[in-house]
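Undergrad: Starting from these lines, generate the structure:
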Amino acid sequence: MQPYVTLQIKNKVGYIEFFHPDHNAMPSANLKKLVQFIREAGSNKMVKVVVLKSGGDRTFCAGASFKELIAIDNEVKGTQFFSGFAQVINAMRECPKLIIARVQGKAVGGGVGLAAAADYCLATQYAAIKLSELSIGIGPFVIEPVVSRRMGKTAMSRLTLDAETFYTPEWAKEKGLYAEVYDSAEALDEAIQDMAQKLCGYNSEALEQMKQVFWEGTDHWNELLLERSKISGKLVLSAFTKEKLKRFK
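TA: Just a heads-up that it's a prediction; the model follows:
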């Protein structure tokens, strides 16, 4: 299958779905489309709630596209690539509609950032998480603010330093990333539909005002995440990282 990002509106819910055959890795094209559709759903009066989901069964998102990482040959390109994730996180933060994330499988790196940037996140028993960035010589600089906000600095530090370990969905729930963990994708979808429809029945103005309260104190993130993108964009050019990325060619 070819990569895609789609937006479908059903019963006042905007379903944004992304897919990539490489374990739902995120190339720049998909990141740009995500930003576009998040903003589109946010401004559409027919949409009251947004659900962010991915295609496939056991991987929600594998994070950055290694093929694109390998091709980066200067700091400008590096910053541009990592700012793609920054723009998605900021689009989710600025979207006036509440966003529910459907995490049906593993989330790695930027995938954890997407889950953390949602206002409410539900998952399955297969949705283990890992921040693998340090193992290839970079770090989760861009997603750190949103992961720390959701899970706390201590959990963020542990995930970052233990870069080769998958942490269980139960641990992620305990630390606040997931609101609930379900045994199957079917049970997950039922819970998401129930939650979305419940929210659709609430006062839209109250929901929008509550979202602003939830994200209070993050107005500086457009600048902050760009600065973090520059750090990653520089590190990806290091000899250490270039050597580590050879195994993904």
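Undergrad: and the next element down the chain from the biggest helix by length in the chain?
TA: Here the longest helix in the chain is taken by residue count, with DSSP state H as the criterion, and it is helix 75-94. Scanning the chain past helix 75-94 towards its C-terminal end, the next helix or strand to appear is strand 98-103 (assignment: DSSP states H and E).
Undergrad: Please give me every residue in contact with the spatially most central residue of the chain.
TA: Nearest to the mean C-alpha position of the chain, counting by Cα atoms, centre = their mean, stands residue 114 at 1.1 Å. Going by Cβ atoms under 8 Å, 6 or more residues apart in numbering, residue 114 touches 52, 60, 61, 88, 89, 92, 101, 107. C-beta: built from backbone N, CA, C; applies to glycine.
Undergrad: Can you tell me, leaving aside adjacent residues, what's nearest to the fourth one?
TA: Okay, so that is residue 88. Setting aside the residues directly before and after it, residue 88 is nearest to residue 34 in space (Cβ to Cβ, 6 or more residues apart in numbering), at 5.0 Å.
Undergrad: Around that neighbour, how many other residues sit close by?
TA: Number of residues near residue 34 (other Cβ atoms under 10 Å) recorded here: 23.
Undergrad: ditto for residue 224
TA: In terms of burial, residue 224 registers 17 neighbours under the definition other Cβ under 10 Å.
Undergrad: Compute the mean per-residue pLDDT across the helix or strand containing it, please.
TA: Secondary-structure assignment from DSSP H and E places residue 224 in helix 221-235. Average pLDDT, helix 221-235: 97.
Undergrad: Return the set of buried residues in that helix.
TA: Neighbour-count burial for helix 221-235 flags 221, 224, 225, 226, 228, 229, 230, 231, 232, 233, 235 (criterion: 16 or more other Cβ atoms under 10 Å).
Undergrad: what angle do it and helix 75-94 make?
TA: An angle of 150 degrees separates the directions of helix 221-235 and helix 75-94 when computed by axes from the mean of the first three to the mean of the last three Cα atoms, to 10 degrees.
Undergrad: Beyond helix 221-235, next helix or strand please.
TA: Secondary structure here is assigned by DSSP H and E; on that basis, the next helix or strand after helix 221-235 toward the C-terminus is helix 239-245.
Undergrad: to the chain's geometric centre, what's the distance from that following helix?
TA: Helix 239-245 sits 25 Å away from the centroid of its parent chain (Cα atoms, centre = their mean, to the nearest Å).
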